[in-house]
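Asker: Predicted model and sequence follow; I will ask about them next.
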Amino acid sequence: MDVDIRKRELVKEFSPMLLKSTKWSKIWIGILVGFILWGLAAFVIQVIKGHEVTGMRDNVVWGIYIINFIFFVCLSYSGAFISGILHFFKTPWKNSVSRIVEIITVVSLIIGPIFILLCIGRLDRLHYLFLYPRIQSPITWDIIAIITDLIGCFIYLYLTFIPDFAILRDNSEDVPKWRRKLYTFLAIGYRDTPTQRNRLHKITRIMSAMIIALAIVAYTVLAWIFSLTLQPGWNSTIFAPYFIVAGLYSGVGVIIIAMYLIRKYFKLDHYIRKVHFIGAGVILLVISLLFGYFTFSEYFSRWFSHKTHDANLLNTLFNRYFWEFIFANYIGVLVPIVILFFKKFRTIKSITFAAIIAVLGLWLNRYLIVVPTLETPYLPIQDTRPEFIHYSATWVEWALSFAGIAAFVLFFILIMRLVPIIPMSGIIDYEREGKGGTNSVTQHQLK
Amino acid sequence: MEKGNTKKGSTNRRKFLKIGLLSGATTVAGATLLANLASEEELQASGEKIRVLTPDGKMVEVDAESINNYPEAHITPAESRKGIPDRKFVMVIDLAKCKNARNCVESCQKAHNLDYNEEFMKIQLIQDHEEAEPYWFPKPCYHCDEPPCVTVCPTGATFKRDDGIVLIDNDRCIGCKFCITSCPYSARQFNWSHKPKFDDTSQPYSPETSVPGTEGTVMKCDFCPDMLRQGKLPYCASSCPMGVIYFGDKNEDMVTNGEETVRFSELINDRGGYRHLEHLGTKPNVYYLPAVNRQFPLERGFDVDEEIIERYKDVPFVQDLKDQGKI
């Protein structure tokens, strides 16, 4: 049968990615593990000595941990959002990027909440959240939303993996026994019969719509952690939509960076093509305009009405955080807009560069939302201890932050070892529905 | 059958003995407890009745809620959630009298076993606008009636009591610090590391004393409920040499600074009492009397540690004073 032969072909094509580990990949994994171990050491020190080893003090009680938390959760949320939209509207070119997006969604949703745990003074009492829950606390809402989101995303990711697990199960004679057993277990008896295929498509479609909703709820609640307080920089009605747009901004940025690295590293030039970069670049352009608009209206209204406490905050932002503010809210928005707006600038490299600028700018934007606000409370900070007046992250916090990024990349690589980064079932579906037979577009790309 | 009967009989006898013993114990305990009845005013009935012996030998049945603990007794975290019946504590700070003597800060630190820089009561130097002369501004926890900290606590570790006091149970606190970020008055502090003083178990922990502290939890001014139970003023109020801090019960409409006792409503109405940042809607239970007709020049307050003066260096007025060589 045509399809079976094609499946075998695809498995053959992708199996080097799954099985072979080159010298460089080993070195990379070694470096990542090194970073994670460094982070673990920092964590042990933090547990033994207490939060005193961080730069957080009574005024700035939340530092880069919570910024990383927002950042990773917003990656996840935007991954879910984009992946859901790709699936739901059956976007024609989705196949090459959908799995990258799905993996980003789940991996960042595992990493993100770890950072909020680092903020908690008494990890040994974490179960009190369930023993003595108080539903009126936004933290409780957040826990419910994130757990629901995590479960939803896992189910969704798994659903999209099932057909590939089945293909791998049927076509991997020369792989280790444990791998075949794992594939057999994970494929849960999927035989790719028309009924099964239909059912799976239907469920995946429903889940794709559901995770969009879940992601919006989870990220809205996260924004509320800030906007429901009385603090001058946080108590804003547009925070929830602002966070959602900001999340999409960094999410699309990270997807572009991941596409670039995967394309380069695994030499998938014929699958991840320029058209994908341009497509993602245009989305990034639209979102950067939206993000810039939200940022502008947020700060402009504070600046124009200049209530005393808002004015104090802006004063901090424009003095102490001047360059950070310029980078986050001018360079981080305008540079991607300029690169992506003009057609002649839209090359793979420049689009990736724009994405890097966007992601860094957005991280700094989050920093400027969290830290300066805490440094400018209603009652002026009158203290002589410099670490109580201004926040600066210590090596422990940086070590754990880099460990988080390393863990993100490592998990990503490990999942790519389990299933091909380009969904094989997607290629087959595309060929089946599209041009019919083997003379399809993908086939051409292969040549 | 017979066996069953015997069994039943013995249980009955045991039950009878138990009841007898229990009532005996309650009678004896009750006699002493009655002396500590919080007040004879009407109370919310708990439904649970306790029989007690009055000093003149009468047996009476009273509601369990009406019985107060020994004033000096240890108040467990569970008991500390209830509050002192029929009270509504309120503090009035007379800014006209404050000269930054810092006795309130120091006595509070001593009582709560705090370090040099840990202050439940902070004294800030506030300047309302360019034209105004700054004034000393003692700032405890405001024990708000709409406390943002209590709303956001995910475990109920911080709570609002019937008597108006907001307390922290640091056995329950998970250290998420959300309450610190949500308090607009920066009243809360965090125990960033373990300190030897936390190991001092000579006094069992009670949220009413906030001693001993615990690493990784939040702490703040507690209005000294342990003192209030003994009918005494909080440490800050009793230690102030100027009588700046009035403390009392809104239900009785009385506040006292230890020297004079005044009507709370009269004090607020006659002297223009206000609450700090009223527009936030947190409804604090700490009122301020504006710094008019001051008893001391501001400079008197700079007669303290060099390190403490350093705190106020950002206030323009202090810079002027320094330029003039006055401090």
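Answerer: Sure thing, it's come through. Numbers count the residues shown, from 1 in each chain, chains lettered A, B, ... in the order given.

Asker: Tell me where chain B has helices.
Answerer: Assigned by DSSP state H, the helices in chain B fall at B:2-34, B:103-111, B:148-152, B:178-182, B:225-229, B:235-239, B:264-271, B:306-310, B:316-323.

Asker: May I see the buried residues of the second one?
Answerer: Right, helix B:103-111. By 16 or more other CB atoms under 10 Å in any protein chain shown, the buried positions in helix B:103-111 come out as B:103-109, B:111. In this view, the C-beta of every residue, glycine as well, is placed from N, C-alpha and C.

Asker: ok, residue B:154 to chain A distance?
Answerer: With distances taken as CB to the nearest CB, to the nearest Å, residue B:154 is found 4 Å from chain A.

Asker: tell me what the helix or strand hosting residue A:369 is packed against?
Answerer: Assigned by DSSP states H and E, residue A:369 falls within helix A:348-375. If contacts are counted by 3 or more CB pairs under 8 Å, 6 or more residues apart in numbering or on different chains; DSSP states H and E, helix A:348-375 sits against helix A:64-88, helix A:239-266, helix A:274-305, helix A:308-319, helix A:322-326, helix A:332-341.

Asker: okay, those, which one's buried deepest?
Answerer: Mean neighbour count (mean count of other CB atoms under 10 Å in any protein chain shown) peaks for helix A:64-88 among those, with a mean of 26.

Asker: What mean pLDDT does the helix or strand that that one is followed by get?
Answerer: Where DSSP H and E defines the elements, the next helix or strand beyond helix A:64-88 is helix A:95-119. Average pLDDT, helix A:95-119: 88.

Asker: so how far is the next helix or strand after helix A:95-119 from its chain's centroid?
Answerer: Heading C-terminal from helix A:95-119, the first helix or strand you meet, by DSSP H and E, is helix A:128-131. Helix A:128-131 sits 28 Å away from the centroid of its parent chain (CA atoms, centre = their mean, to the nearest Å).

Asker: and if you look at stretch B:226-233?
Answerer: Averaging C-alpha positions (CA atoms, centre = their mean) puts stretch B:226-233 10 Å from its chain's average.

Asker: for stretch A:337-346, same thing?
Answerer: Centroid displacement of stretch A:337-346 relative to its chain, using CA atoms, centre = their mean, is 24 Å.

Asker: what about it, how long is it end to end?
Answerer: 11 Å (CA to CA, to the nearest Å).

Asker: And the contacts of that stretch?
Answerer: Residues from elsewhere that reach stretch A:337-346, judged by CB atoms under 8 Å, 6 or more residues apart in numbering or on different chains: A:277-278, A:281-282, A:284-285, A:288-289, A:292, A:350-351, A:353-354.

Asker: quick check: angle from the helix holding residue A:369 to helix A:332-341?
Answerer: Angle of helix A:348-375 versus helix A:332-341, following axes from the mean of the first three to the mean of the last three CA atoms, to 10 degrees, is 160 degrees.

Asker: so helix A:348-375 versus helix A:274-305, what angle?
Answerer: With the same axes, to 10 degrees applied, the angle from helix A:348-375 to helix A:274-305 works out at 30 degrees.

Asker: Show me which positions of the next helix or strand after helix A:348-375 end up buried.
Answerer: Moving toward the C-terminus from helix A:348-375, the next helix or strand (DSSP H and E) is helix A:386-389. Of the residues in helix A:386-389, those with enough neighbours to count as buried (16+ other CB under 10 Å) are A:387, A:389.

Asker: Just the C-alphas of helix A:386-389, formatted as CSV.
Answerer: C-alpha atoms of helix A:386-389 as CSV (Å, rounded to 0.1, in the frame of the first residue of the first chain):
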residue,chain,number,x,y,z
PRO,A,386,20.9,49.4,50.2
GLU,A,387,19.7,45.9,49.5
PHE,A,388,16.3,46.9,51.0
ILE,A,389,16.0,50.0,48.8
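
Asker: what mean pLDDT would you report for that helix?
Answerer: For helix A:386-389, mean pLDDT is 90.

Asker: So what touches that helix?
Answerer: Taking contacts as CB under 8 Å, 6+ apart, the residues outside helix A:386-389 that touch it are A:55, A:57-59, A:375, A:381, A:383.

Asker: Pull out the buried residues from these.
Answerer: Buried among those by 16+ other CB under 10 Å: A:55, A:57-59, A:375, A:381, A:383.

Asker: Tell me which residues touch the residue of chain A found nearest chain B, please.
Answerer: For chain A and chain B, the shortest gap (CB to the nearest CB) falls at residue A:121, measuring 2.1 Å. Shown in contact with residue A:121 (CB under 8 Å, 6+ apart): A:50-51, B:173-177, B:190-191, B:215-217.

Asker: Try it again at 7 Å.
Answerer: Residue A:121 makes contact with A:51, B:175, B:190, B:216-217 under the criterion CB atoms under 7 Å, 6 or more residues apart in numbering or on different chains.

Asker: With distance to residue B:268, pLDDT and neighbour count added, can I get those residues in a markdown table?
Answerer: Shown next, in a markdown table, are these (distance: CB to CB, whole Å; pLDDT from 0 to 100; neighbours: other CB atoms under 10 Å in any protein chain shown):
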| residue | distance to residue B:268 | pLDDT | neighbour count |
| --- | --- | --- | --- |
| A:51 | 41 | 93 | 26 |
| B:175 | 37 | 94 | 27 |
| B:190 | 33 | 95 | 24 |
| B:216 | 39 | 93 | 23 |
| B:217 | 35 | 95 | 22 |
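
Asker: which residue does chain B bring closest to chain A?
Answerer: For chain B, CB to the nearest CB, closest residue to chain A: residue B:175, 2.1 Å.

Asker: wait, isn't that residue in contact with residue A:120?
Answerer: Yes: counting by CB atoms under 7 Å, residue A:120 is a contact partner of residue B:175 at 5.4 Å.

Asker: can you give me how far the helix holding residue A:369 is from the chain middle?
Answerer: Counting by CA atoms, centre = their mean, helix A:348-375 is centred 14 Å from the centre of its parent chain.

Asker: Just the buried positions in that helix, please.
Answerer: A:348, A:350-375.

Asker: what about the chain, any weak spots by pLDDT?
Answerer: No chain in the question, so chain A it is. For chain A, the stretches with pLDDT under 70 are A:1, A:92, A:434-447.

Asker: wrong one, chain B
Answerer: In the predicted model, chain B carries pLDDT under 70 at residues B:1-47, B:52-57, B:63-72.

Asker: Return the residues of it in contact with chain A.
Answerer: Residues of chain B found near chain A (CB under 7 Å from any CB of the partner chain) are B:117, B:124-125, B:139, B:148, B:151-156, B:172-178, B:180-182, B:184-186, B:189-190, B:192-194, B:215-217, B:277, B:280, B:307, B:310-312.
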